[in-house]
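Q: sharing a model that was predicted from the sequence below.
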Amino acid sequence: MTELTRDGRVHAMHEAGHECLKKGDRQGALEHFSKALELLADDRALEMRARLLNNMGHVQVALRRFDEALGSFEEAVRIYRRLGELIGLGEQLGNVGSVLRDKGEYDAALKSYKDALAAFRESNQRIGIADQHSNIGYIYAMKEDPDRALEWFEMAHALYQEAGEHAKAQSVAKNIEILKPSGVSR
């Protein structure tokens, strides 16, 4: 029997984590992702480290371990900044914003979403741009600023329509309907 290389072991742990997720075993997935990350303790394979941290962060959110998730996503942010990889950076900044939103830290979430928006704009990633407009609209709605929320949701809606993302456009349209002066709340 041949011994797996370090990269082979990392890949095997990563796949085992995904298999655990398919079975609904979030804790098992987190353990496998963590073991894979431990194998990548040096500066090589930074992008794989960032992907593992992303996976861990999402599992930690599902387990409602928000502080741990924030740490995982923030470490991934540092890696993507170091690599100069704007799309990964934008995704992780968006994840940070979502954790902060879930913790009720709306001002910090807003800053993170705006940083994500800047990364997506620089990389011309249209869906990421639209997603951040929607996220920012949601924060303004939570901060009870319906006019600003409406403005951001309308921009998101237009961007989703332009990109052919009809399901996302419909979801944002519901938020717009609620926020419009003739809507239910106001």
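A: That came through, no problem.

Q: low pLDDT regions in the protein?
A: The chain contains residues with pLDDT under 70 at 1-3, 42-43, 182-186.

Q: domain boundaries for it, per the record?
A: 9-109, 125-186 (automatic domain parsing).

Q: in CSV, list those along with distance to Asp115.
A: Bear in mind the C-beta positions are built from the backbone N, C-alpha and C, glycine included. Shown next, in CSV, are those (distance: least, C-beta to C-beta, whole Å):
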stretch, distance to Asp115
domain 9-109, 5
domain 125-186, 9
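
Q: just put these in a markdown table and tack on mean neighbour count and distance to Ala116.
A: Formatted as a markdown table, the domains of the chain follow (neighbours: other C-beta atoms under 10 Å; distance: least, C-beta to C-beta, whole Å):
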| stretch | mean neighbour count | distance to Ala116 |
| --- | --- | --- |
| domain 9-109 | 19 | 4 |
| domain 125-186 | 17 | 5 |
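
Q: now do the contacts for the residue nearest the centre of the chain.
A: Residue closest to the mean C-alpha point of the chain, counted by C-alpha atoms, centre = their mean, is Asn95 at 2.8 Å. Residues in contact with Asn95 (C-beta atoms under 8 Å, 6 or more residues apart in numbering) are 54, 57-58, 69, 73, 76.

Q: those in helices, which ones?
A: Secondary structure from DSSP state H places 54, 57-58, 69, 73, 76 of these in helices.

Q: tabulate the residues you listed (TSV), appending distance to Met155.
A: As requested, the ones in helices among the contacts of Asn95 are exported to TSV (distance: C-beta to C-beta, whole Å):
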residue	distance to Met155
Asn54	26
Gly57	27
His58	27
Ala69	28
Phe73	25
Ala76	27
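
Q: tell me if I'm right that Val99 and Phe73 touch.
A: Yes. Using C-beta atoms under 8 Å, Val99 is in contact with Phe73, at 6.4 Å.
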